[in-house]
Each structure stands twice: as C-alpha cells, then as structure tokens.
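*Asks:* Kindly generate the corresponding structure for this input.
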Amino acid sequence: MKELREGVKDMDGVLKKVQELALIHDKVDPRIIKEKNIKLGLRNEDGTGVFVGITSKGQVIGYEKVAHGDGTERVNPVPGKLFYCGYDVDDLVREKEKEGRFGYEEIVYLLLTGVLPAKADLKAFSQFIAKKRGLPDEAMEMILNRPRHDDQMGSLHTIVSAMHLFDKHPNSTDMSDVMRQCIELIAQFPTMIAYNYLTAKMEKKERKKLKDPLPNLSAAENFLYMFFGELPDRATAELFDTMLVFHAEHGGGNNSTFSTRCVSSSGANTYMALCAGIGSLSGHLHGGANEAVVAMMSDIKRKVKNWENDDEVTRYLEMILDKETADKSGKIYGMGHAVYTISDPRAVYLENKAGELAKSAKREEEFSLYKRIARIAPKLVREKKGKIVCTNVDFYSGFVYRCMGIPKELFTPIFAMARVAGWSAHRIEEIVQARIIRPSYVTSLKGKKSYIPIAERE
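*Replies:* So this is what the prediction gives:
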C-alpha cells in the first residue's frame, strides 16, 4: 500500500509539472501577434470575422463596413438581421405564424435545398422525417443501459457516434447516402435528446415508460410529447417550433458549424462530422451560454435585494464586469455577440414572447429583472469596455424554456436539436465544394534548438 501511495504521489507530481511547463511554453508574446498580423480566433483587428469560405446557407448581419477617402474602412453597427438562403428569418417566422402552422420542417427543407418547398413537397418531406424518428432497438438499449449521469451533451454525442453501426454505408460520401444520413439524424435528434434525459432520471429504466414519437406530429410537438408524456398545448408547441427555427442556422462562421465543416472537408463520415458540431456546441462560450445566463440570473436574484432598484442592479453588474462576483469571468452572459451589435433579431422576438409567457407562468417579477438588466447592461459594457453590445438570443431562451417547464440540462441539447439542420446543410455544401480546410499557424519559437542528451537535462 505504501508503494501504491508513493506511486500516486509521483504521478501527481508529474502531472503538475507537465501542466506548469505547458502553461509556460504555450503562452504567446503579444508582440508576435502584432508583428505577424496573426488573426487569433480568425478575427480581424476590428473584431470582424476573417473570410475563410463561402456559403449560401446563412447570413448574419450586425455591422456594415464603410470606406473612407484615405483607403481605410470603418465598421458601423446596424440593427441585426439573419437570413436563411436569402430569406429574412423574421419573414419566415411571421408567415408561418400567420398561417397557423409549424415551420421547422420547412426550414430544414430550405437549408438543405436552397429553395422553399411547394405545399406537396413539404407534406411529403415532413412525412418522410416522421417515419425516421424512431431509433434502432440496439440504440435504445445503449440509452437504457448507460450509467447514471448528468451529461446530456455527452450522451447525445455517444448515441450519434454509435448510429454509424446501424448504417449499411456509414462512411460513404456519395450525396445520396449523405443526404439520407443527415435527414435521418435531423429526425432522430428529438427522440435521442428526450430519451437520454428521461432515462438518466429514471430510478428503474424501462422501455415501456418512454413514449414513441407520433407520425402525425411536428418535430416541436413530438419532442414536447415524448418529454412531458402528453400532447402539448398549441401555443407552447408553436413557440417551441419558433425556437427551433431561430436556432436552426447561423452562418458558417459559428464555432460548431465551422467545426462540422472542418471535419467534413477531411472526408470524414456524417456521424463524425455532426459529432464535431455537438462537441463544439457543448462549450459554455457557445451552446452552453444559455445555461450560463440562468446560473448568472440565479446569482443576481439571490444577491440583489431590490430587483426594481436600478442603482442596486447596476452596482451588481459592475461587480460582475470587474470579476468580483458570480463566476468571476467578467462576463455578463447573454450580452454581446460575435456579429450582432445593436440588436439580435431573435432576442427582439423572444423578449416580446417571454413577456407573454411570464404572465401565464406567474414570473412577471423575474421577467422585469431580465428587462432591467437588458436595459442597463449594454450601456454599462460600453462605458467600462468601450464595446457596443446587445442582448443575444441566449439571454431570453433559457427563461422561455423554464416557463415551459424544460430543465436547464436540456437547453444546449435543444440547441443541437435545431442546429443539426444547419450543420447538415453546411456539411453537404462542404462536400460539394471539396476542399480540405487547412489554415496556417505561425511559429512562436525563435530559431532551431540544439538537442540535449537525456543525461545532461535538469
């Protein structure tokens, strides 16, 4: 036992030394970044994204570049706009609401094909998706037999990566196979996500406790039905459908879509490519941001005594920015975006809907706090950091889901449920363009090092 304890101690020492050396070695001299004009994070000096590809799928607008007589350009903030294949998402949502129908399946068709479906085509496409929602028995066994856990994105990653086992042509990059695989996974994501969560919470895991997806329901209705165990009311299902529409796509530059494109460009199969998107989305700076908002708001609600006092709320937000409270990251979660400046069109819509939901859920006081923070925080960030920021979709999405009765552990998986449509569309586009993504990195080292024999090293 003594030797075992000493061995563990030695291993801890090695790990600590390796960690310390890595931290020292991997630091980059800021002067090199400036001298070599390195685009860290693939961002230009003015904060705009570096062009690394071309897409017809999504376009995100939050600023415009204005040329000056001296040859320079200035970035001007503008109200945010989001387009899917050239169509304004605000228009897509408004029209489906006007017609009183669900819209996510239409958006999937649009992103995959580039055109809006005719009525008959949409019906046939929706029926095809409905037939593909079930999971193979072996996949169900995997879900039911997993150990108890709280990692919903990890569970989704596991099941999606395993789905290649049930495909006769898993590694094919022939377009007929890729399209089939993408549509099947888009159909199956709601089922996987609902079952992963429910089985993780079961004391005794039994297949009969899980609801089978119904062929006559939309993607939004089916998820809510499988999760809650009963048919959802129409208003809730339609709002959930809109949430799926808003999260379905956001251009090729967002981290998870770029990850999907990068892996797709190597010739990897559909399952591995979409798992790359899932892995990226699990990060707290991307898909996990809505959970971070809820955690931050819980902290604010607990520590700010008077939610209606602007001065008290402002002082606490200042403490967050100064890294003195909350998670001490210096971030007011839900504020700011890589592209949007003045407004995020999705957040504008959700603020109105969240107000309606707050009344029915009797959470009006809490929603007033959200709105107060949404009013104060952008001004505060501009004063303290000189940045123009707006509330983003993550600021309100968690609140909306909680009013629906959806737990925070599912916020990011639901994001994936919607975004798999965009990932699939970009994967197909990347395969068609057929060019492996291979950016360059500048070395931070100065010259060649001379090898030191191991006996002479300290």
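
*Asks:* Mind listing residues that contact the helix or strand containing residue 261?
*Replies:* Using DSSP states H and E, residue 261 sits in helix 255-265. Residues outside helix 255-265 that contact it (Cβ atoms under 8 Å, 6 or more residues apart in numbering) are 52-53, 249-252, 272-274, 276-281, 283, 285-287, 419, 422-423, 426-427, 429-431, 435-437. All C-beta atoms are positioned from the backbone trio N, CA, C, and that covers glycine.

*Asks:* Buried residues of the biggest strand by length in the chain, list them for me.
*Replies:* The longest strand of the chain (DSSP state E) is strand 73-84. Neighbour-count burial for strand 73-84, counted by 16 or more other Cβ atoms under 10 Å, picks out 75, 80-84.

*Asks:* name the helices or strands packed onto it?
*Replies:* strand 58-67, helix 89-98, helix 104-113, helix 345-361 (3 or more Cβ pairs under 8 Å, 6 or more residues apart in numbering; DSSP states H and E).

*Asks:* The second one - contacts with which helices or strands?
*Replies:* This points to helix 89-98. strand 73-84, helix 104-113, helix 234-247, helix 345-361.

*Asks:* Okay, buried residues for that helix please.
*Replies:* Those would be 89, 92-93, 96, for helix 89-98 by 16+ other Cβ under 10 Å.

*Asks:* Just the pLDDT at residue 9, thanks.
*Replies:* Note on residue 9: pLDDT of 63.

*Asks:* Quick check: the closest residue in space to residue 247 that isn't next to it in sequence vs residue 430, distance?
*Replies:* Using Cβ to Cβ, 6 or more residues apart in numbering and skipping the chain neighbours, the partner closest in space to residue 247 is residue 418 (3.6 Å). As judged by Cβ to Cβ, to the nearest Å, residue 418 and residue 430 stand 20 Å apart.

*Asks:* Then residue 420?
*Replies:* For residue 420 relative to residue 430 (Cβ to Cβ), the value is 15 Å.

*Asks:* Toward the C-terminus, what is the element adjacent to the longest helix seen in the chain?
*Replies:* Longest helix of the chain, by residue count under DSSP state H: helix 175-201. Sequence order places helix 219-228 as the next helix or strand after helix 175-201, per DSSP H and E.

*Asks:* Give me the buried positions along that following helix.
*Replies:* 219-227.

*Asks:* Redo those as JSON lines? Include pLDDT and distance to residue 176.
*Replies:* Shown next, in JSON lines, are those (pLDDT from 0 to 100; distance: Cβ to Cβ, whole Å):
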{"residue": "219", "pLDDT": "98", "distance to residue 176": "23"}
{"residue": "220", "pLDDT": "98", "distance to residue 176": "28"}
{"residue": "221", "pLDDT": "98", "distance to residue 176": "29"}
{"residue": "222", "pLDDT": "98", "distance to residue 176": "26"}
{"residue": "223", "pLDDT": "98", "distance to residue 176": "28"}
{"residue": "224", "pLDDT": "98", "distance to residue 176": "32"}
{"residue": "225", "pLDDT": "98", "distance to residue 176": "31"}
{"residue": "226", "pLDDT": "98", "distance to residue 176": "29"}
{"residue": "227", "pLDDT": "98", "distance to residue 176": "33"}
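
*Asks:* contacting residues around stretch 324-333?
*Replies:* Counting by Cβ under 8 Å, 6+ apart, 289, 292-293, 295-296, 299-300, 303, 316-317, 319-323, 373, 377, 380-381, 394-395 sit against stretch 324-333.

*Asks:* From those residues, list just the buried residues.
*Replies:* 289, 292-293, 295-296, 300, 316-317, 320-321, 373, 377, 380-381, 394-395.

*Asks:* Which ones among those lie within helices?
*Replies:* The helices, defined by DSSP H, take in 289, 292-293, 295-296, 300, 316-317, 320-321, 373, 377, 380-381, 394-395 from these.

*Asks:* Quick one: residues contacting the residue nearest to residue 247.
*Replies:* Residue 418 neighbours (Cβ under 8 Å, 6+ apart): 104, 243-248.

*Asks:* again, but for residue 188
*Replies:* Counting by Cβ under 8 Å, 6+ apart, the residues that residue 188 touches are 132-135, 163.

*Asks:* quick one: contacts for residue 10?
*Replies:* Residue 10 neighbours (Cβ under 8 Å, 6+ apart): none.

*Asks:* C-terminal to the host helix or strand of it, what's the next element?
*Replies:* Applying DSSP H and E as the criterion places residue 10 in helix 2-25. Remark: after helix 2-25, the chain's next helix or strand is helix 30-35, criterion DSSP H and E.

*Asks:* picking that back up, just the element for the residue nearest to residue 247, please.
*Replies:* helix 411-433.

*Asks:* Just the C-alphas of that helix, formatted as PDB.
*Replies:* Provided in PDB are the C-alpha atoms of helix 411-433 (Å, rounded to 0.1, in the frame of the first residue of the first chain):
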ATOM      1  CA  PHE A 411     -31.100  23.900 -23.100                       C
ATOM      2  CA  THR A 412     -28.000  23.100 -25.000                       C
ATOM      3  CA  PRO A 413     -29.300  19.700 -26.400                       C
ATOM      4  CA  ILE A 414     -32.400  21.500 -27.700                       C
ATOM      5  CA  PHE A 415     -30.000  24.000 -29.400                       C
ATOM      6  CA  ALA A 416     -28.300  21.000 -31.100                       C
ATOM      7  CA  MET A 417     -31.800  19.600 -32.000                       C
ATOM      8  CA  ALA A 418     -32.400  22.700 -34.000                       C
ATOM      9  CA  ARG A 419     -28.900  23.400 -35.300                       C
ATOM     10  CA  VAL A 420     -28.400  19.900 -36.700                       C
ATOM     11  CA  ALA A 421     -30.300  21.200 -39.700                       C
ATOM     12  CA  GLY A 422     -27.700  23.900 -40.300                       C
ATOM     13  CA  TRP A 423     -24.800  21.500 -39.600                       C
ATOM     14  CA  SER A 424     -26.200  19.100 -42.200                       C
ATOM     15  CA  ALA A 425     -26.700  21.800 -44.800                       C
ATOM     16  CA  HIS A 426     -23.100  23.000 -44.300                       C
ATOM     17  CA  ARG A 427     -21.700  19.500 -44.400                       C
ATOM     18  CA  ILE A 428     -23.400  18.900 -47.800                       C
ATOM     19  CA  GLU A 429     -22.100  22.300 -49.000                       C
ATOM     20  CA  GLU A 430     -18.600  21.500 -47.900                       C
ATOM     21  CA  ILE A 431     -18.600  18.100 -49.700                       C
ATOM     22  CA  VAL A 432     -19.800  19.800 -52.900                       C
ATOM     23  CA  GLN A 433     -17.000  22.400 -52.600                       C
END
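
*Asks:* Go through that helix and flag the buried ones.
*Replies:* 411-431.

*Asks:* again, but for stretch 194-209
*Replies:* 194-200, 205.

*Asks:* measure the nearest residue to residue 146 once chain neighbours are set aside to residue 378 for me?
*Replies:* For residue 146, ignoring the flanking residues on the chain, the nearest one in space by Cβ to Cβ, 6+ apart is residue 155 at 6.7 Å. Per Cβ to Cβ, residue 155 is found 36 Å from residue 378.

*Asks:* Next, the contact list for the nearest residue to residue 159 once chain neighbours are set aside, please.
*Replies:* Nearest-residue entry for residue 159: residue 192, 5.1 Å, with adjacent residues in sequence omitted and distances by Cβ to Cβ, 6+ apart. Contact partners of residue 192, counting by Cβ under 8 Å, 6+ apart, are 135, 143, 156, 159-160.
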